[in-house]
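Trainee: this one's sequence-less:
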């Protein structure tokens, strides 16, 4: 698409200068213009040399062979020197170059060059009412010569768009061939007659009534063409057309008919005749989109060659501005015979209108096209949303959504370890030094007794003790019966093997299961709190919940609901809502207990001591007092280790021991209840549906509202970046909303809408 530069000279004239010049640059990829400010100095010499140049130029038209399309009555100069005229032209061009290279205007020139590329197609529109300025050969501005696809047009300072309606399937041209006395306009007629993809109606030396009647044609016109004699009067504010040897008419004589023709789709008026700026001034007041006129008197051969080259380029697919520039520049080949021929043609443009295109194929009526686009912009997002919801329900996006969840989890700000928890680990070095695997009941009893001396609030044993590990089994059984703050574990199902029963002697209310929910990709993301008790594992509570409940009980915080799957669990400052089936990114889960998303703290989760350090008393007693102490193995030889979202490469070294995972779970509960640390929440199915539908609609809206491929290509990544940012900000507030489905919906909906429109906005 073309880029548009609109230059407004403001108030001023050549004698006093133009102190307030503004330039607006409109780029297809940017809906708002760039604005640059400059000034032009007085140019009294330019005013004088233009008058001298015009007098000599008009005198040249009295020489044999020129056959001008104007009748010159006065004889200002009787002797014309080609050498003198060439010298005047050279001075004229030099003065224009110096004037436009003034420091005040150079800022606009530099700014435009910094934002435009050599290959850009550029429409330069000059807004001015000054007749002298409209006659200047602006194409000598070096900016225009440096940009081969730029062309300048004139415009009135005020303009507006006229609502149009037309149903034509083919270009229609009304060609008025006026008074041909002394000129040959038959070649113009021949050129227009050869247009096979346009309907051309010729009026040869018509009456005013015939012209008026044709302009009122119900089918309307695309192009109005005139060839013959014409002239401007009243200092360029009025023009006359010699429509036949007897009658001259102005735009005012056809005002009503022309306004109707413009409303019915008239886009271009070509006056292939002399001195047409007065005609353009009057016609522009009627808000016609485009006009082509000759600034000065024009020779017969020059006018015809311009028409031939313009029609050939325009009807072959060149843009309107490029077709005019190409036809104008090709007149340079005649300038040895007709000096300044390429100075003459000029576009007069209504900036509120888009440059016309040659139309030889049926077009969709704008109103109908708009209705089609409106229908698609509503249907496509709905269809894309429903399809993606179906794909999502089948679980085909679950892996991607869980990866996005892991990314957000890892991207959060770090948190300090939980000081209310102490982990006593049994590493491989302790096992080797004691030569016990698993450690004996005697060693375990000794460890529990050492810890009990320092008054922990709760102790969680993550070692299985369903079978004795002599020596010392009797002492361990007695210790478990007597220590009221000790909680042991059992298991419903351990890697699809038989369940693991409770230790002998442990009371049922001090028992918790340690079952872990592992997702299909091998990662632990969920926290299982309650399950139905069985004969082997006679408890419905997880170890983490038992330990947290014991700790919070000392703070007089008790749950109002324990394990009722149909109700949330209120606990202190938080409410735990169970994750329902087919919510969030999970679409392939089966019913397996009461669970929530595990809101990890970054590792390490808490302070750790080794078995040896505790047995030897090598620790600060305050680390134990009033804490939750978890005991478990961290040896590489034990199988109770798991991958978490923090494991990127899934190497064995990234596995987290079960005791560390239990610490995460306990910390999640007590931090939520005591500190108000949020639990990770998910939206209901309807909210997620509306969320995906919203972004699907945004994808179609971008294609519907933004014209230009480059601008749309830029808008889609920006929209995805905004989606990502919103999802991330919501996750920072512990709300997991879908990222992958709405991103796919946005892109697919956008591409579907663009493809449904075919080549409409090319």
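Mentor: That came through fine. These numbers were taken from a predicted model, which means no experiment stands behind them.
Trainee: gap between residue 19 and residue 141?
Mentor: Per Cβ to Cβ, to the nearest Å, residue 19 is found 19 Å from residue 141. Glycine gets a C-beta too; all of them are placed from N, C-alpha and C.
Trainee: Which of these two has more residues huddled nearby?
Mentor: Shown here are residue 19 and residue 141; by other Cβ atoms under 10 Å, residue 141 has more neighbours (21 against 14).
Trainee: Hmm, residue 93 and the more buried one touching each other?
Mentor: No. If you go by Cβ atoms under 8 Å, residue 141 and residue 93 don't touch, sitting 10.7 Å apart.
Trainee: host element of the residue lying farthest from the centre of the chain?
Mentor: What lies farthest from the middle of the chain is residue 474; by Cα atoms, centre = their mean that is 71.9 Å. Element membership for residue 474 (DSSP states H and E) is helix 473-482.
Trainee: Please, where are all the strands along the stretch 601-750 of the chain?
Mentor: Listed in chain order, the strands of the stretch 601-750 of the chain (DSSP state E, counting those that start in this stretch) span 607-610, 628-633, 641-642, 656-657, 681-682, 735-736.
Trainee: Could you dump those strands into CSV and include mean pLDDT, distance to residue 322 and mean neighbour count?
Mentor: Converted to CSV, these look like this (pLDDT from 0 to 100; distance: least, Cβ to Cβ, whole Å; neighbours: other Cβ atoms under 10 Å):
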stretch, mean pLDDT, distance to residue 322, mean neighbour count
strand 607-610, 96, 76, 18
strand 628-633, 96, 78, 26
strand 641-642, 90, 67, 17
strand 656-657, 92, 67, 21
strand 681-682, 93, 57, 19
strand 735-736, 95, 54, 18
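Trainee: follow-up on the earlier one: what average pLDDT does the helix holding residue 474 get?
Mentor: Mean pLDDT, helix 473-482: 93.
Trainee: Show me which residues of stretch 714-732 are buried.
Mentor: Neighbour-count burial for stretch 714-732, counted by 16 or more other Cβ atoms under 10 Å, picks out 715, 716, 719, 720, 723, 727, 728, 730, 731.
Trainee: just how off-centre is that stretch within its chain?
Mentor: In terms of Cα atoms, centre = their mean, to the nearest Å, the centre of stretch 714-732 is found 11 Å from the chain centre.
Trainee: How about stretch 619-633?
Mentor: 54 Å.
Trainee: Next: stretch 335-355.
Mentor: How far stretch 335-355 lies from its chain's middle: 38 Å, per Cα atoms, centre = their mean.
Trainee: Ok, stretch 81-94 next?
Mentor: Centre-to-centre, stretch 81-94 and its host chain are 53 Å apart (Cα atoms, centre = their mean).
Trainee: buried set for it?
Mentor: Buried residues in stretch 81-94 (16+ other Cβ under 10 Å): 85, 88, 89, 92.
Trainee: Could you list the low-pLDDT ranges of the stretch 101-250 of the chain?
Mentor: Scanning the stretch 101-250 of the chain with the threshold set as pLDDT under 70 gives 166-167.
Trainee: Now with 50, please.
Mentor: Of all residues in the stretch 101-250 of the chain, none has pLDDT under 50.
Trainee: Show me the helices in it, by range?
Mentor: 103-115, 131-135, 142-146, 186-193, 208-215 (DSSP state H, counting those that start in this stretch).
Trainee: and the second one, what does it pack onto?
Mentor: The one in question is helix 131-135. Contact here means 3 or more Cβ pairs under 8 Å, 6 or more residues apart in numbering; DSSP states H and E; on that basis helix 131-135 packs against helix 44-60, helix 277-284.
Trainee: Recalculate using a threshold of 10 Å.
Mentor: Packing partners of helix 131-135 (3 or more Cβ pairs under 10 Å, 6 or more residues apart in numbering; DSSP states H and E): helix 44-60, strand 150-155, helix 277-284, strand 345-349.
Trainee: got it, and the third one?
Mentor: Taking 3+ Cβ pairs under 10 Å, 6+ apart as the contact definition, the neighbouring helices and strands of helix 142-146 are helix 82-100, helix 103-115, strand 122-127, strand 150-155.
Trainee: tell me what the first one is packed against?
Mentor: In terms of contacts (3+ Cβ pairs under 10 Å, 6+ apart), helix 82-100 is packed against helix 44-60, helix 103-115, helix 142-146.
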